[in-house]
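**Q** coords please:
(one chain, ligands or ions: 2)
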Amino acid sequence: MAVNGRPVIDSPAADTPSAAAPFYRAVGDEVEVFRAAARRGLPVLLKGPTGCGKTRFVEAMAHELGKELVTVAGHEDMTSADLVGRFLLRGGETIWVDGPLTRAVRDGAICYLDEIVEARQDTTVVIHPLADHRRELPLDRLGTTLPAAPGFQLVISYNPGYQSVLKNIKESTRQRFVAIELDFPPADIETEIVAHEAGIDGETAGTLVTLGRAIRSLDGSPLREVSSTRMLILAGGLVAEGLSLRSAVRAAVVRVLSDDPDVVRALGELADAVLPQ
Ligand SMILES: Nc1ncnc2c1ncn2[C@@H]1O[C@H](COP(=O)(O)OP(=O)(O)OP(=O)(O)O)[C@@H](O)[C@H]1O
Ligand SMILES: [Mg+2]
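**A** Ligands and ions are numbered 1, 2, ... in the order given. Below is the predicted model of the structure:
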């Protein structure tokens, strides 16, 4: 299916509910770029602010390509063993247990390393040989190297708003990746997404999107992150549950974005100006 020449990935036949495609509304050429990268087995670097659709995009692409998706959430205590695997003691025996990356490499899955840069640098080093023509994973503890099965694809994401990130992905690593930049969609597409995901009418979704965009365009904003598509969907969900638009926006947007009483008050006033009385 395509809208304005851009693909929309949506649920297939209703008689196969378990195979339902995640709803993803393309914004630019990201679907075509991902498909081409997948055909070449190239790793993809996905950039974009929180709640702009990175995870949903990868889920939709994995479904379209018929590949298993292995998602790993990066965190600061993550070690390379968490990715690759480790020896464990089971019933008096020492056995090797694959980590999620190793499993994806063996199975030819898409391995989505979400916010991998949160992890220590030695963790990201293990992906280097996977991210170039070698397509292999060294399993130092086993003394072997595992070639990636056909179909294996590495996807990493990060939020360029968090500054520590760039210095954490080595330049030599970055340059092996095809980069896709996602951002909040244009108003008409975002309205469609919010209406679809929250289960609300287009007019209410449009109001939420107008507010979201007003917050995003605030000059000299003291906010660390702006109002995301996810946040607008949450507000819409509260409206679908019977809350007034005003309460929903207060609960899911205004109070969430800041703890500073002055900022919260200013955001509340902005919301009052945008929302219908
Ligand atoms: N283009 C889109 N098509 C369909 N749904 C979308 C799209 N963009 C965002 N969404 C909706 O917004 C929600 C949040 O997006 P998602 O979880 O993919 O964000 P993210 O970029 O992965 O955020 P984070 O960096 O916090 O993990 C999704 O669950 C989905 O409902
Ligand atoms: Mg995500």
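**Q** Would you mind listing what in the chain touches ligand 2?
**A** Contact residues, the chain versus ligand 2 (CB under 5 Å from the ion): 54, 55. Glycine gets a C-beta too; all of them are placed from N, C-alpha and C.
**Q** Near the closest residue to residue 85 other than its chain neighbours, how many other residues are there?
**A** Nearest residue to residue 85 in three dimensions, chain neighbours excluded: residue 99, at 4.1 Å (CB to CB, 6 or more residues apart in numbering). Residues near residue 99, counting by other CB atoms under 10 Å, number 21.
**Q** Please name the residues that touch the residue in the stretch 1-150 of the chain that ligand 2 sits nearest to.
**A** Relative to ligand 2, the nearest point of the stretch 1-150 of the chain is residue 55 (3.2 Å; CB to the ion). By CB atoms under 8 Å, 6 or more residues apart in numbering, residue 55 lies in contact with 71, 112, 114, 157.
**Q** Recalculate using a threshold of 7 Å.
**A** For residue 55, the contact set (CB atoms under 7 Å, 6 or more residues apart in numbering) comprises residue 114.
**Q** Could you do residue 135 as well?
**A** Residue 135 makes contacts with 41, 147, 148, as judged by CB under 7 Å, 6+ apart.
**Q** before we move on, what about residue 70?
**A** 100, 103, 104, 109, 110, 111, 112.
**Q** So which of these is the closest to residue 49?
**A** Taking CB to CB as the measure, residue 49 lies nearest residue 112 of the contacts of residue 70, at 17.4 Å.
**Q** returning to what we had before: of all the contacts of residue 70, which two lie farthest apart?
**A** The distance between the two most remote of these (CB to CB) is 12.8 Å, for 103 and 112.
**Q** Which one's more surrounded, these two?
**A** With neighbours defined as other CB under 10 Å, residue 103 and residue 112 compare such that residue 112 has more, 26 against 16.
**Q** Just say helix, strand or coil for the more buried one.
**A** Following DSSP: H, G, I helix; E, B strand; the rest coil, we place residue 112 in the strand state.
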